[in-house]
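Student: Predicted model follows, preceded by the sequence.
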Amino acid sequence: MKVLILGGNPAGMSAASRIKRKAPDTEVVVLEKSWEVSYGACGLPYYVAGLNEDLDKIRIRRVSEFEKMGLCIHLGCEALEIDHEKKCVRAVEGEQEKEFSYDRLIIATGASPKKPPFPGIELGGIFCLKTLQDAERIKEKLVQCRGNVVIVGGGYIGLEIAEACILQKAKSIRIIEAMDRVLNTFDKEFGHAVQAELEKHGASVQTGERVQRFKGIDGQVTEIITDRGCYEADMIILSIGVTPNTGFVKGLKKLSNGAIITDAAMRTSIKDIFAVGDCATVQHRLTKNPVYIALGTNANKQGRLAGDSVLGKAVCFDRALGTSMLRCMGLELAKTGFSEEEAHREGLSYKVKTVEARSHARYYPDPCIITIKLVYREEDHVILGAQVMGEKEAAWRIDIFACAIDRGMTTEEVGYLDLGYAPMFAGVWDAVQIAANAAK
């Protein structure tokens, strides 16, 4: 059997490696558009920040390591068209067009940063952060000029880049967000807390403001114009979400954003074609519907299980909750399941409870306050979502709630879990249990 994989990063290479380990005689061919495979894109903001000065540490495995496993990898090879009936993919490698046949196909082409056609978008000094080369260019420019930086978009990447710019001592840092708050996947009180944290460290956060165009001199950006004003900019970093790289894919069912719809076994709407990672949907644990949640955790799980699915093993990945964590300067935040706003949009009958509790025993040095917000079903108190924030010792607690939601636990059950205790780690009633027991 020949398996063709389009895309050589986390999801694609997880699938490729899994297939080769489980079925060594299977021919596995990977087509990768870029010249890199298997790197940890989540580490890029920390390279920009100077917290890691060695970009090579972000590379997980090299092509040579995969080739030793028996994988055939074509770098600089872009898929142009899939012929479902002939079971082949037309691609261009260098300047030469080629056809690659397959018995089974895995689409793992990922996603690209959104780059709207604003006037002036072609000017130098305007960046997106996606690849290792992007990180190198952004860091070089940032360190070189340490000038006025404008970040368009206040989501996860935008906030991590803002932290990087603060740590690199940029002259000024301005975040422009079209929505009414930054970090809008969280409820508003968490977004407002992040904004306050950024402003405490000198950043300017402007919400409800839309970019209109860019201006420059001699091919380099100098200004950004919005519907509210005009601001100096020595460099601009766009962080306004991603678009699945599926424009070349025809005939498969997709979401409105282009993400390929898959079932819990990563199968698409056409036999023998699978899709994984940021170009595809995942099955949500609570809704049981295909949703788009572009996270590395999902991509790696999908890749591993798709490898088994391609080989005919029954698999089921229907447990995505969008569990995520981040740190923005001195504030940790984490979320899993539904926020209050999301539960409202789903039309659920729910209640919420927000509590503050200490991170560990008050008589052990340096405790901090952790804020926990729970969303739970009104009729039976089954937990639907949780959000957490605090200066430290906060983010990891979201994993307890992720387990609880996955298992369909109630607030009462979580409140009486036999969690570990020592004064330097928690109180006899952990913050998680205090929140759960307060939810009536």
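Tutor: The structure has been received and is ready for your questions.
Student: which SS state does the closest residue to M424 other than its chain neighbours fall under?
Tutor: Using C-beta to C-beta, 6 or more residues apart in numbering and skipping the chain neighbours, the partner closest in space to M424 is Y364 (5.0 Å). Quick note: C-beta positions are derived from backbone N, CA and C, even for glycine. Reduced to three states with DSSP: H, G, I helix; E, B strand; the rest coil, the structure at Y364 is coil.
Student: now the helices for the protein?
Tutor: Ranges of helices in the chain, per DSSP state H, are 10-22, 44-48, 63-68, 132-145, 156-167, 188-200, 296-310, 340-345, 398-406, 411-415, 431-438.
Student: out of those helices, which comes closest to I237?
Tutor: Among the helices of the chain, the nearest to I237 by C-beta to C-beta is helix 156-167 (5.4 Å).
Student: Show me what that closest one is packed against.
Tutor: helix 44-48, helix 132-145, strand 148-152, strand 172-177, helix 188-200, strand 324-328 (3 or more C-beta pairs under 8 Å, 6 or more residues apart in numbering; DSSP states H and E).
Student: Who are the packing partners of the first one?
Tutor: What that stands for is helix 44-48. Here helix 44-48 touches helix 132-145, helix 156-167, going by 3+ C-beta pairs under 8 Å, 6+ apart.
Student: In TSV: those helices, plus mean neighbour count, mean pLDDT and distance to P290.
Tutor: Listed next are those as TSV, based on neighbours: other C-beta atoms under 10 Å; pLDDT from 0 to 100; distance: least, C-beta to C-beta, whole Å:
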stretch	mean neighbour count	mean pLDDT	distance to P290
helix 132-145	17	95	29
helix 156-167	24	97	22
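Student: want to throw these into TSV with distance to Y46?
Tutor: Below are the helices and strands packed on helix 44-48 laid out as TSV (distance: least, C-beta to C-beta, whole Å):
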stretch	distance to Y46
helix 132-145	9
helix 156-167	7
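Student: between those helices, which gets nearest to Y47?
Tutor: For these, proximity to Y47 was assessed by C-beta to C-beta; helix 132-145 is nearest, at 5.0 Å.
Student: Next, the angle from the closest one to strand 148-152.
Tutor: Angle of helix 132-145 versus strand 148-152, following axes from the mean of the first three to the mean of the last three C-alpha atoms, to 10 degrees, is 150 degrees.
Student: okay, the angle between helix 132-145 and helix 156-167?
Tutor: Inter-element angle recorded for helix 132-145 and helix 156-167: 30 degrees (by the same axes, to 10 degrees).
Student: Number the chain from 30, please
Tutor: OK, 30 is where the count begins now, so the last one is helix 161-174.
Student: Packing partners of helix 161-174?
Tutor: On a contact count with 3+ C-beta pairs under 8 Å, 6+ apart, helix 161-174 meets helix 73-77, strand 155-157, helix 185-196, strand 264-267.
Student: of all those, which lies closest to L360?
Tutor: Set against L360 and scored by C-beta to C-beta, the helices and strands packed on helix 161-174 come closest in helix 185-196, at 9.7 Å.
Student: and for the closest one, what are the contacting residues?
Tutor: Contact with helix 185-196 is made by 74-75, 77-80, 158, 167, 171, 178, 180-181, 202, 204, 206, 211-212, 223, 227, 230-232, 266, 268, 353, 355-358, as judged by C-beta atoms under 8 Å, 6 or more residues apart in numbering.
Student: ok, now how distant is the residue nearest the centre of the chain from K62?
Tutor: Nearest to the geometric centre of the chain sits L324, at 3.6 Å (C-alpha atoms, centre = their mean). Look at L324 and K62: by C-beta to C-beta, to the nearest Å, they are 21 Å apart.
Student: likewise E385?
Tutor: 48 Å.
Student: Quick one: mean pLDDT for stretch 324-339?
Tutor: Averaged across stretch 324-339, the pLDDT comes to 97.
Student: make that stretch 414-432, sorry
Tutor: The average pLDDT for stretch 414-432 rounds to 98.
Student: now it: how far from the chain's centre is it?
Tutor: Centroid separation for stretch 414-432 versus its chain: 17 Å, with C-alpha atoms, centre = their mean, to the nearest Å.
Student: cool, and stretch 93-104?
Tutor: Centroid displacement of stretch 93-104 relative to its chain, using C-alpha atoms, centre = their mean, is 27 Å.
Student: can you give me phi and psi for the closest residue in space to T138 that isn't next to it in sequence?
Tutor: Of all residues not flanking T138 in the chain, N274 sits nearest, at 4.0 Å (C-beta to C-beta, 6+ apart). Main-chain dihedrals, N274, degrees, to the nearest 10: phi -80, psi 70.
Student: what's the spacing between N274 and V172?
Tutor: Applying C-beta to C-beta, the value for N274 to V172 is 30 Å.
Student: what do you get for L134?
Tutor: Per C-beta to C-beta, L134 is found 43 Å from V172.
Student: likewise P319?
Tutor: Between P319 and V172 the computed distance is 42 Å (C-beta to C-beta).
Student: Need the pLDDT of the closest residue to H103 other than its chain neighbours.
Tutor: Distances taken as C-beta to C-beta, 6+ apart put L60 closest to H103, at 5.1 Å, once the chain neighbours are dropped. pLDDT, L60: 98.
Student: Also E124?
Tutor: Looking at E124, its pLDDT stands at 89.
Student: Check C357 too.
Tutor: pLDDT, the model's per-residue confidence, is 96 for C357.
Student: Now do it: how many residues are near it, please.
Tutor: For C357, the count of nearby residues is 24 (other C-beta atoms under 10 Å).
Student: excluding its backbone neighbours, what's nearest it?
Tutor: L188 (4.8 Å).
Student: ditto for H313
Tutor: V320 (4.7 Å).
Student: what's around the one you found, how many residues?
Tutor: There are 16 residues near V320, going by other C-beta under 10 Å.
Student: Contact partners for it?
Tutor: 310-313, 349.
Student: rerun that using 7 Å as the cut-off
Tutor: Listed by C-beta atoms under 7 Å, 6 or more residues apart in numbering, the contact set of V320 reads 310-311, 313.
Student: Tell me what it is bridged to.
Tutor: Residues in a beta bridge with V320, per DSSP bridges, are V311.
Student: Roughly how far does the residue lying farthest from the centre of the chain sit from L60?
Tutor: Distance from the C-alpha centroid of the chain, by C-alpha atoms, centre = their mean, peaks at Y392 (37.9 Å). Per C-beta to C-beta, Y392 is found 60 Å from L60.
Student: again with A78
Tutor: 33 Å.
Student: Between E385 and K62, which has more neighbouring residues?
Tutor: Using other C-beta under 10 Å, the more surrounded residue of E385 and K62 is K62, with 20 against 12.
Student: List the contacts of that one.
Tutor: Residues in contact with K62, defined by C-beta under 7 Å, 6+ apart, are 106-107.
Student: Dump the helices and strands packed on helix 161-174 into a markdown table; add distance to I398 as well.
Tutor: Formatted as a markdown table, the helices and strands packed on helix 161-174 follow (distance: least, C-beta to C-beta, whole Å):
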| stretch | distance to I398 |
| --- | --- |
| helix 73-77 | 26 |
| strand 155-157 | 36 |
| helix 185-196 | 21 |
| strand 264-267 | 32 |
